[in-house]
Structures are given as C-alpha cells and as structure tokens.
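> Got a predicted model here, sequence first, then my questions.
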Amino acid sequence: MRITRIAYYCSYTRDPDDPPRVSDAFRTEAKARAESEKIRQQGFFGAVEKHVECKEDYQNDSAWLPDWQCAGESAIQLVDYF
C-alpha cells in the first residue's frame, strides 16, 4: 500500500557553484523555518521547501521519494528563501 506525507526541508550552500546540502525532513514548516535561521547564522543561504513524498508501506524510512503523481499540486514547492 502506498503511503504519502508532507515534509519540509532546508536546502542550503555557501557557494552558488557548489551543489546544495539538504537538511533532515521536518514535519512542520515552523520547525524547518527555525532550522533555516540556525543555518543562516552559520553563513549559509538557501531555501525552505515543501515536499509531497510517498513510499510503499513495506519500505523503510529511507525510501521516501517525491510524489510526482500528486493531484493538484507540485511534488516540490518553494516556501521561502533565507
């Protein structure tokens, strides 16, 4: 059975030429914004993103992937820059 969730991530970097780093998943936007403030204070810049993710019920927690089939919205949405 397919399971879906909404998770928030911070993607960030110090140098625009480097690939961004990605934080752990957060269940709420408020927690992701609090983490982005900590990251910003360390000299990084980036974005808070909202991801609609899915996995099969028998898969472990590392199997969450963007749900590109979600109805009515994009699987990855930009929430805010920091």
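Good, I have the coordinates. Numbers count the residues shown, from 1 in each chain.
> Just give the closest residue to I6, not the sequence neighbours.
V52 (5.8 Å; Cβ to Cβ, 6 or more residues apart in numbering). From N, CA and C alone the C-beta is placed, and that goes for glycine too.
> what about the chain, any weak spots by pLDDT?
71-72 (pLDDT under 70).
> could you pull out the helices for this structure?
29-41 (DSSP state H).
> so how many other residues sit close to C10?
Burial of C10, expressed as a neighbour count using other Cβ atoms under 10 Å, amounts to 26.
> Show me what it is bridged to.
Partner residues in beta bridges with C10, using DSSP bridges, are V48.
> which residues touch the closest residue to V79 other than its chain neighbours?
Among residues not flanking V79 along the chain, V48 sits closest, at 4.2 Å (Cβ to Cβ, 6+ apart). Contacts for V48 (Cβ atoms under 8 Å, 6 or more residues apart in numbering) come out as Y8, Y9, C10, E29, A32, R33, S36, L78, V79, D80, Y81, F82.
> In contact with the first one, which residues?
Y8 makes contact with A25, F26, R27, T28, E29, K31, A32, V48, E49, K50, H51, V79, according to Cβ under 8 Å, 6+ apart.
> wait, S36 sits on G46?
Yes - assessed by Cβ atoms under 8 Å, S36 is found in contact with G46 at 7.1 Å.
> neighbour count winner among the two?
S36 (26 against 21).
> Correct me if wrong: D67 contacts V52.
Yes - taking Cβ under 8 Å as the definition, D67 is a contact partner of V52 at 4.7 Å.
> anything in contact with each of the two?
T4, A75.
> returning to that earlier point: which neighbours do S36 and G46 have in common?
With Cβ under 8 Å, 6+ apart, S36 and G46 have common neighbours C10, Y12, F82.
> Closest to D61 out of these?
Sorting the shared contacts of S36 and G46 by how near they are to D61, with Cβ to Cβ, puts C10 at the top with 18.6 Å.
> give the contact list for the closest one.
V22, S23, A32, E35, S36, I39, G46, A47, V48, E49, F82.
> Any of these buried? List them.
S23, A32, E35, S36, I39, G46, V48, E49, F82 (16 or more other Cβ atoms under 10 Å).
> now the first one: how far from R2?
Translated: S23. 25 Å (Cβ to Cβ, to the nearest Å).
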